[in-house]
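sequence first, then the predicted structure, then my questions.
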Amino acid sequence: AQSVTQLDSHVSVSEGTPVLLRCNYSSSYSPSLFWYVQHPNKGLQLLLKYTSAATLVKGINGFEAEFKKSETSFHLTKPSAHMSDAAEYFCAYNNDMRFGAGTRLTVKP
Amino acid sequence: SQTIHQWPATLVQPVGSPLSLECTVEGTSNPNLYWYRQAAGRGLQLLFYSVGIGQISSEVPQNLSASRPQDRQFILSSKKLLLSDSGFYLCAWSVRAAYGYTFGSGTRLTVV
């Protein structure tokens, strides 16, 4: 079965330090993968998506993710965290219509 | 441009009362439509999806139902709410799942 697994339920970083949110996928073929962000009591917003073009995908708000087929990973990164990045982040797999369990990002001042 | 509207934003309902949540999409035709539920501190659970008028697929058998009376309208309903129906309900649309989803702002439902 195809799926995505978010390896961390909670990540805490200090403002100005790098962010790494991990997502592994399981698929028998090359998938489309997405990262979404959800601020409290809001809907989800698409950050970026991978659709078999460039393996390094740049998204909004300075986030990017790299598709690594050999590692079946699609980790989300940002060089320098900002307080406004504190939110819940979801990795998703294309035609599955399902999302990972989410990673809550906390940013400390 | 495409927009998605979902209302109400918050709702408090007694156990046993009916429910109707509405979602409408503007600026596109024949969208795929989805209802998700997010329990407190949990991930997203797909409840229903629809690829066309009158076409509803249910992912989880439960106390809820969905209908799509018009191309860009998706309604989530219940005849009698349970306490376990409390949660954050999200509507979403897509042209194709491979393109990603656009979400509404959500409805916070509290059943008391």
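Sure thing, it's come through. Residues are numbered from 1 along each chain as shown, chains lettered A, B, ... in the order given.

where's residue 5, which helix or strand?
Defaulting to chain A. Element membership for A:T5 (DSSP states H and E) is strand A:3-6.

um, chain B though
Assigned by DSSP H and E, B:H5 belongs to strand B:3-7.

so what touches that strand?
Strand B:3-7 is contacted by residues A:43, B:21-27, B:90-93, B:102-107 when judged by C-beta atoms under 8 Å, 6 or more residues apart in numbering or on different chains. In short, each C-beta sits where N, CA and C put it, glycine included.

ok, that strand: who's next to it in the sheet?
The strands that strand B:3-7 pairs with in its sheet are strand B:19-26 (antiparallel) (by DSSP bridges).

and the partner strand, how far from the chain's centre?
7 Å (C-alpha atoms, centre = their mean, to the nearest Å).

now the strands for the chain?
Chain wasn't specified; assuming chain A. A:3-6, A:10-14, A:19-21, A:23-26, A:33-38, A:44-50, A:56-58, A:64-68, A:73-78, A:87-93, A:103-108 (DSSP state E).

chain B, not that one
Under DSSP E, chain B gives strands at B:3-7, B:10-13, B:19-26, B:32-38, B:44-52, B:55-58, B:65-70, B:73-78, B:87-94, B:102-103, B:107-111.

get me the contact residues on chain A for chain B.
A:32, A:34, A:36, A:41-46, A:49, A:51, A:90, A:92, A:94-102 (C-beta under 8 Å from any C-beta of the partner chain).

mind redoing it with 10 Å?
Contact residues, chain A versus chain B (C-beta under 10 Å from any C-beta of the partner chain): A:6, A:9, A:31-36, A:38, A:41-49, A:51-52, A:88, A:90, A:92-102, A:104.

nearest residue to the closest residue to chain B within chain A in space, please, no chain neighbours.
Residue nearest to chain B within chain A: A:G43 (3.6 Å; C-beta to the nearest C-beta). Leaving aside its chain neighbours, A:G43 sits nearest to B:F103 (3.6 Å; criterion: C-beta to C-beta, 6 or more residues apart in numbering or on different chains).

what would the strands of chain B look like in JSON lines with mean pLDDT and mean neighbour count?
Converted to JSON lines, these look like this (pLDDT from 0 to 100; neighbours: other C-beta atoms under 10 Å in any protein chain shown):
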{"stretch": "strand B:3-7", "mean pLDDT": "92", "mean neighbour count": "17"}
{"stretch": "strand B:10-13", "mean pLDDT": "96", "mean neighbour count": "14"}
{"stretch": "strand B:19-26", "mean pLDDT": "96", "mean neighbour count": "18"}
{"stretch": "strand B:32-38", "mean pLDDT": "93", "mean neighbour count": "24"}
{"stretch": "strand B:44-52", "mean pLDDT": "92", "mean neighbour count": "19"}
{"stretch": "strand B:55-58", "mean pLDDT": "92", "mean neighbour count": "14"}
{"stretch": "strand B:65-70", "mean pLDDT": "95", "mean neighbour count": "15"}
{"stretch": "strand B:73-78", "mean pLDDT": "96", "mean neighbour count": "20"}
{"stretch": "strand B:87-94", "mean pLDDT": "94", "mean neighbour count": "23"}
{"stretch": "strand B:102-103", "mean pLDDT": "93", "mean neighbour count": "20"}
{"stretch": "strand B:107-111", "mean pLDDT": "95", "mean neighbour count": "18"}
